[in-house]
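Student: Give me a 3D structure for the following:
(chains A and B)
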Amino acid sequence: MTDTPQAVEVNCTTGEVTTRPLTADEIAAQAVAAQAAADQAAAQEAQEKAKADAKASAMAKLAALGLSADEVAALSA
Amino acid sequence: MASTYTLISSQVLASSASSVTFSAIPATYTDLVLRCSIRDTNTGALIGSTTVTFNADTSAIYSVTKLIGNGSTASSSRQSGVASWSENYNGSNAGVTTNTFSSIEIYIPNYTSTTSKSFSQFAATENNAASSGTEIDAWAHLYRNTSAISSIEIAAYANFQTASSFYLYGISNA
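Tutor: Numbering: from 1, shown residues only, chains lettered A, B, ... in the order given. Got it, this is the predicted structure:
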């Protein structure tokens, strides 16, 4: 097993499968793309958490105003 | 009866790989379907992210609209003018059950058309564990390029684990 990442290419016309080690530039580009994807996923997760937290806070405030659990659930449906 | 769903090519990894590319895709079908069962070797996170590109084209001409559900919250997002797109899938973190793979299907209608291509994607990430890291995604995509799609690259966050599989089908109008 090699430590160098491998790229697999399948030629759909000839059926030939080529496996080659990534070049240094490709490894660097992969690291950049992976970091960008991780950043995107983290930003998305943070956005989802903020939205869920805001919803929970709003529900708690509605309950504090005297709405019943069924009424709060009906508003959030 | 006409054969409308034809396997063009497939790749089941015998050893880990950082990317899989289907090149020289024949322009003889009506639509394309790419189905993947993948897991990443990365042990640092529950979920990795693939990066997908057509025709080795990393111009900022892809648009994505995404709907996500993870069992507790639902969300939606949109990005326009991006250079590729990413899809979450199982990593190899200790919180992810061994040998659980994620499923991704990309459906590309009219892949040889001379106009922009709209296409869809569905993905399911399930790790058979109590930890987080499960989700189901539905995507609407647009690739603003007038050339036929002749290659598809799907790149791993780190490396696709051995036994990850990739199947490319052609759909023909009967």
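
Student: Check which helices and strands the lowest-mean-pLDDT helix or strand in chain A sits against.
Tutor: Across the helices and strands of chain A, the lowest-confidence element by mean pLDDT, DSSP states H and E is helix A:24-64, at a mean of 81. For helix A:24-64, the contact count by 3 or more Cβ pairs under 8 Å, 6 or more residues apart in numbering or on different chains; DSSP states H and E identifies helix A:69-76, strand B:47-54, strand B:74-82, strand B:85-90, strand B:152-160 as packing neighbours. (Glycine included, C-beta is placed from N, CA and C.)

Student: Determine the three-state secondary structure at the residue sitting furthest away from the middle of chain A.
Tutor: Using Cα atoms, centre = their mean, the residue of chain A lying farthest from its centre is A:G66. It sits 37.8 Å away. Under the three-state scheme (DSSP: H, G, I helix; E, B strand; the rest coil), A:G66 adopts coil.

Student: Pull the contacting residues for it.
Tutor: For A:G66, no residue meets the contact criterion (Cβ atoms under 8 Å, 6 or more residues apart in numbering or on different chains).

Student: where's it relative to A:V72, distance?
Tutor: Per Cβ to Cβ, to the nearest Å, A:G66 is found 10 Å from A:V72.

Student: again with A:V32
Tutor: Distance from A:V32 to A:V72, by Cβ to Cβ: 45 Å.

Student: neighbour-wise, which of these two wins?
Tutor: For A:V32 versus A:V72, neighbours defined as other Cβ atoms under 10 Å in any protein chain shown are more numerous around A:V72 (17 against 10).

Student: give me the number of residues near the closest residue to the more buried one other than its chain neighbours?
Tutor: Once flanking residues are discounted, A:V72 sits nearest to A:L62: 5.0 Å by Cβ to Cβ, 6 or more residues apart in numbering or on different chains. By other Cβ under 10 Å, 16 other residues sit near A:L62.

Student: Is the least confident helix or strand in chain B by mean pLDDT in proximity to chain A?
Tutor: Every helix and strand in chain B was compared by mean pLDDT, DSSP H and E; the lowest is strand B:85-90, with a mean of 79. Yes: Strand B:85-90 lies within reach of chain A by Cβ under 8 Å from any Cβ of the partner chain, at B:86, B:88.
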